[in-house]
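Novice: Sequence first, then the predicted structure:
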Amino acid sequence: MAGKEGALMAKLKRRTAILIASAAACSMLLLAGAAPGVAGAQQVRVHGTGQSQRAVLRYWTPKRMRKATPVDLLIPRRARSRAATPAPQGPPVLIPGRPPASAGVAPRSTGTDFETNPADDTTFPNRVHGKIFMTTTGGVNAKCSGTVVDSPHGNVVVTAAHCIYTGGYFTNFVFVPGYRNGNAPLGVWSAKQLIAPSGWIANSVTGPSTANDIGIAVMNPRLGKTIEAAVGARGIAFNLNANNSWQVFGYPAHPNATEDNGYDHGPGDYDGSRLIGCNVTYFGSDYPGTLKASFCYMREGASGGGWVVAGTNYLNSVTSYLAGPCPAGYTDGCGKIGAPYFGTIAQNLYNAGVAAGAPPPPPLTGQRAAALKKCKKKHSHKKRKKCKKRAIKLPI
């Protein structure tokens, strides 16, 4: 009897320990990345697209790309307000970028809005910026902008969360670096995983938070290469001073002179066919955990485009909301664009992208494969989960 009681007590202790460990893990997950001034826990959600790479690439014909609608036109604009300047949420973190082999360097442009030189579309670093195409939950073919950033596995593209998820994950997601006038000189790359903050997913329709408007796409390889090996990558930086200057890139499809009462933006009418840049400086914050900068006149289509710290190769944010129209009289929105501050939320998201982008472990061979097969035959379904762990411990 005493033996049975002892065994029962040991079993109860083991279960209690498991429950305590699970609760602690959940608490750590909920607390990780809580940003000052932004309510709620900041976990991330990783979503496997589950789509055939071949089918997705075949779906995006040049005609479908040309007819895609800027995703921003499908999302209602929010009224702007005022908020405090975001503060760093830890020490600065700088992850350097990497140019591909034998890459030239495109010169930094000056001025407000400018069109990048077509000759630089396939030159580093301009070539790491690209156009995103996807199909929304409503079945509409849409478009955004994005940037390749450095990662250990070379397959991470950063964009806005609303270019990945609004009311549901988007499908047929592809990234086209160096896109211009319907051409894809560096190929079309499909995504295998899409990642967004849970804070965005929970409120993407009812009350989206710009501070959470950051998305990651983990890309499939193409022709045996990762996207970073093919085009290079920007670095990425977190927890920098918000009072900064940036060069912003994107593929705006608006405005044109008619929409903005003849206001001269520099590069002429925008139609989403070419890479546009602008040089901006910090101009305040409309919402907690966000940046507003001026002057930049890019609108619909530029969402998700990269904000690169002036004079560096570091991506430090992405376009979330766009310049307001410029009527005959000046308005607060005219020439102002907004972005999430890259602090804890962005860093957690990037780390999730790095983890999700890791290649699968190689299949077991030889003695390990034989042991795994034997173990699965011997045990029931519940116990089979331990078979692989046991097999891995065996010598090759």
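Specialist: Thanks, I have it. Everything numeric here is computed off the predicted structure, so don't read it as measured data.

Novice: now the stretch 201-350 of the chain, which segments are flagged as low pLDDT?
Specialist: The stretch 201-350 of the chain contains residues with pLDDT under 70 at 255-268, 323-333.

Novice: at 90 instead, please
Specialist: Counting by pLDDT under 90, the stretch 201-350 of the chain shows low-confidence ranges at 202-210, 252-274, 276-278, 283-288, 292, 294-301, 321-337.

Novice: now the helices for it?
Specialist: Per DSSP state H, counting those that start in this stretch, the stretch 201-350 of the chain carries helices over the ranges 227-231, 344-356.

Novice: May I see those organised as JSON lines, with distance to residue 386 and mean neighbour count added?
Specialist: For glycine as for every other residue, the C-beta is placed from the backbone atoms N, C-alpha and C. JSON lines is the format used below for those (distance: least, Cβ to Cβ, whole Å; neighbours: other Cβ atoms under 10 Å):
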{"stretch": "helix 227-231", "distance to residue 386": "36", "mean neighbour count": "23"}
{"stretch": "helix 344-356", "distance to residue 386": "23", "mean neighbour count": "22"}
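
Novice: Let's have those in CSV, adding distance to residue 160.
Specialist: CSV is the format used below for those (distance: least, Cβ to Cβ, whole Å):
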stretch, distance to residue 160
helix 227-231, 18
helix 344-356, 12
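
Novice: which stretch among those comes nearest residue 146?
Specialist: Shortest distance between residue 146 and the helices of the stretch 201-350 of the chain, using Cβ to Cβ, is found for helix 227-231: 10.6 Å.

Novice: Name the residues that touch the closest one?
Specialist: With contact meaning Cβ atoms under 8 Å, 6 or more residues apart in numbering, helix 227-231 is reached by 98, 100, 124, 127-128, 148, 150-151, 154-157, 175, 177-178, 186-187, 189, 219, 221-222.

Novice: can you rerun that using 10 Å?
Specialist: With contacts defined as Cβ atoms under 10 Å, 6 or more residues apart in numbering, helix 227-231 is touched by 97-101, 103, 122, 124-130, 148-157, 175, 177-178, 186-187, 189, 217-225, 233.

Novice: and those, which are buried?
Specialist: Buried residues within the contacts of helix 227-231, counting neighbours by 16 or more other Cβ atoms under 10 Å: 97-99, 103, 122, 124-130, 148-151, 153-157, 175, 177-178, 186-187, 189, 217-222, 233.

Novice: which one of the helices of the stretch 201-350 of the chain lies closest to residue 252?
Specialist: Across the helices of the stretch 201-350 of the chain, residue 252 has its closest neighbour in helix 227-231 (21.4 Å, Cβ to Cβ).

Novice: Pull the CA coordinates from the closest one and hand them back as CSV.
Specialist: Extracted in CSV, the C-alpha atoms of helix 227-231 (Å, rounded to 0.1, in the frame of the first residue of the first chain):
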residue,chain,number,x,y,z
ILE,A,227,16.7,35.5,-52.1
GLU,A,228,19.5,37.2,-50.1
ALA,A,229,22.1,35.2,-52.0
ALA,A,230,20.5,36.4,-55.2
VAL,A,231,20.0,40.1,-54.5
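
Novice: For residue 346, give me its contacts.
Specialist: 33, 35, 42, 89, 93, 158, 197, 211-212, 214, 216, 236-239, 315-318, 340.

Novice: And for residue 308?
Specialist: Under the criterion of Cβ under 10 Å, 6+ apart, the neighbours of residue 308 are 97, 108, 125, 128-129, 147, 234-235, 237, 246-249, 277, 314-317.

Novice: just checking, which of the contacts of residue 346 belong to strands?
Specialist: Assignment to strands by DSSP state E places the following of the contacts of residue 346 there: 93, 158, 197, 216, 236, 237, 238, 315, 316, 317, 318, 340.

Novice: Return the closest of those residues with respect to residue 58.
Specialist: Within those, proximity to residue 58 (Cβ to Cβ) peaks at residue 216, which comes in at 24.7 Å.

Novice: Lovely, talk soon.
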